[in-house]
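Q: no letters, just coordinates:
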Ligand SMILES: C[S@@+](CC[C@H](N)C(=O)[O-])C[C@H]1O[C@@H](n2cnc3c(N)ncnc32)[C@H](O)[C@@H]1O
């Protein structure tokens, strides 16, 4: 085992580079911290390039065959403490090649409990929220998590910290354009959008998409926005996308009869038009978690968790009924 002692004159500036999105994107490398996360990454087949550690014991806990050809650098615990994002630094950090979900091996127990339930994150910007969502998705047995362009990088240290190992339990497909999302969905998937519709309002009579039945207040405001844009377009002759009509249903009514994907909207702008269009084209609906009047919306991670565990409950109930019918 070849171990180098690193003379780092400005450790914090080295780590600033290693933790930056530019480093991850240009170099295709990520930083992982902590013994458990590093062990999970190695088990999943992630490729290590370099380890910083303060005690040899920490390296001995890792599988020796995975350390071949890896640069091993012994540093002072004070350095690790300075670089660390953890409340209790664990004395080891590793630089890995950015994992590719196709080449990763996910834990057998996770695969055994995997359900025809997917999650799509639509412009989620908050690292803590995304990490929490990934952890819930792994816990609920989601088969995949798709992140559209505009979401925070899942390999950012704060996302990794909140994810608590979920990155190596469930496949995460990142940086997707909406046009490519359907390629990652199983056949016949219905896409449902999580929608904090607020108060329902009987749509006023008009010739627009709001003609039929009950729709969300929020949807009405979006419709007004698109109507204004449409009027502008009449002058230029350009045609605009129309606002999809999607039924609203309470999240606790059955929605898992086909493979289901749930879209969670971003913290600031909520759901995108593209997510509504995909839901409409796949026969999906809006899922509403009813809240007490006057409460605006739930935090996106909370809403995602409620919906995913409800999806899990429904799928397990269906499986139980099926097995009872067969016996
Ligand atoms: C904080 S909310 C978005 C608020 C945003 N300002 C808006 O007006 O849409 C983030 C996302 O969480 C989900 N969400 C929040 N509350 C929900 C509820 N009561 N029912 C279903 N989904 C909800 C939705 O996907 C929403 O887009």
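A: Received it, and whenever you're ready, just let me know what you need. All values derive from a computational prediction rather than experimental measurement.

Q: buried residues in the longest helix that the chain contains?
A: Longest among the helix segments of the chain by residue count, using DSSP state H, is helix 300-326. For helix 300-326, a neighbour-count test (16 or more other CB atoms under 10 Å) marks 300-301, 303-308, 310-312, 314-315 as buried. Every C-beta, even on glycine, is put in place using the N, C-alpha and C of the backbone.

Q: can you redo those residues as CSV with distance to residue 284?
A: Formatted as CSV, the entries for the buried residues of helix 300-326 read as follows, by distance: CB to CB, whole Å:
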residue, distance to residue 284
300, 18
301, 21
303, 16
304, 16
305, 20
306, 17
307, 13
308, 15
310, 15
311, 13
312, 18
314, 15
315, 16
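
Q: is any residue of the helix or strand encompassing residue 128 near the ligand?
A: When elements are assigned from DSSP states H and E, residue 128 belongs to helix 127-140. No - contact of helix 127-140 with the ligand (CB under 6 Å from any ligand atom) is absent, the minimum separation being 8.7 Å.

Q: what is the mean pLDDT for that helix?
A: Helix 127-140 carries an average pLDDT of 98.

Q: can you check stretch 178-194 too?
A: When pLDDT is averaged over stretch 178-194, the result is 98.

Q: same question, stretch 22-30
A: According to the model, stretch 22-30 has a mean pLDDT of 90.

Q: swap in stretch 282-300?
A: Averaged across stretch 282-300, the pLDDT comes to 94.

Q: skipping its backbone neighbours, what lies nearest residue 287 in space?
A: Counting by CB to CB, 6 or more residues apart in numbering, residue 251 is the residue found nearest to residue 287 once chain neighbours are left out, at 4.5 Å.

Q: interface residues of the stretch 151-300 of the chain facing the ligand?
A: By the rule CB under 6 Å from any ligand atom, the part of the stretch 151-300 of the chain lying against the ligand is 194-196, 218, 264-265, 267-268, 270-271, 287-289, 291, 297-300.

Q: can you map out the strands along this protein?
A: Ranges of strands within the chain are 3-5, 29-33, 48-53, 71-74, 92-97, 117-122, 144-148, 172-176, 190-194, 200-202, 214-216, 248-250, 260-265, 286-288, based on DSSP state E.

Q: mean neighbour count for the ones you listed - can I get that in TSV?
A: Output for those, formatted as TSV (neighbours: other CB atoms under 10 Å):
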stretch	mean neighbour count
strand 3-5	10
strand 29-33	22
strand 48-53	20
strand 71-74	16
strand 92-97	22
strand 117-122	27
strand 144-148	23
strand 172-176	18
strand 190-194	25
strand 200-202	13
strand 214-216	19
strand 248-250	14
strand 260-265	27
strand 286-288	23
